[in-house]
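Visitor: 3D model of this:
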Amino acid sequence: MKHISSIASGFALGTAGILMMGVLSGCESKKEEPQNRFLVIEQQTNGKYVVIEETPTEGPSRAIIREKDAQGNVTERFMSEAEMKALAEQEYQKVQSGTSETVQSGDSSAGMGLAGTILAVAAGSLLGNMIGNALMNNKNFAQRSNTVNKSAYSRSAAASKASSGSSSKKSFFGSSSGSSTSKSTNYGS
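Guide: Modelled structure (predicted):
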């Protein structure tokens, strides 16, 4: 009888160990991608701006602003993180008062002003994740921020989020958690 008891307790400890290893390996944090961004923002013919290139960066956020003068000549200027943050903070104050174009409903396919574009794309890295998440919970802001970003990085990130959200996870024994197959086994009948 003692032998069966020791086998049962060994089995319970082994099972608990496997469960603990599974829990701990599931709790490992994914390496998060850098929050900061390097942006190329281009002025459209209507005077509004869109992001045409976006790259995650380990360094500070920064941007190149491409604008056209009256003769149609394209000029590029560099914008530091401090300048971007100042514009984002000004636009966020407009969000708070309800006057920002980032929270207005309407057609945003033609872009937004420079400050609105910067806030829409880099709010989390410039003003903090809490503000960025709060802004993304606003339906109009989320819609406008998605349409102002024309970069390939943004499209691929959105596609990978959409595909990972619909994939089913495999269990330890290989079955998909999204499947509804079940087997019935009757022992001892």
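Visitor: Past the one helix or strand in the chain whose mean pLDDT sits lowest, which element shows up next along the chain?
Guide: Ranking every helix and strand in the chain by mean pLDDT, DSSP states H and E puts helix 2-27 at the bottom, with a mean of 57. Downstream of helix 2-27, the next assigned helix or strand under DSSP states H and E is strand 37-43.
Visitor: So what touches that next one?
Guide: 49-57, 59, 61-68, 114, 117-118, 121-122, 125, 151 (CB atoms under 8 Å, 6 or more residues apart in numbering). Quick note: C-beta positions are derived from backbone N, CA and C, even for glycine.
Visitor: which of the residues you listed count as buried?
Guide: Buried members of the contacts of strand 37-43, counted by 16 or more other CB atoms under 10 Å: 49-51, 53-54, 61-63, 65-66, 114, 117-118, 121-122, 125, 151.
Visitor: Mind checking which of those residues land in strands?
Guide: Among the buried ones among the contacts of strand 37-43, the ones falling in strands (DSSP state E) are 49-51, 53-54, 62-63, 65-66.
Visitor: now for these, which pair is the farthest apart?
Guide: 50 and 62 (17.5 Å; CB to CB).
Visitor: how about low-confidence regions in this structure?
Guide: For the chain, the stretches flagged by pLDDT under 70 are 1-34, 106-109, 154-189.
Visitor: mind running it again at 90?
Guide: Residue ranges of the chain with pLDDT under 90: 1-37, 44-47, 57-59, 68-72, 98-112, 120-189.
Visitor: Can you name the residues that contact residue 77?
Guide: 64-65, 67.
Visitor: That's all I had, so thanks and see you.
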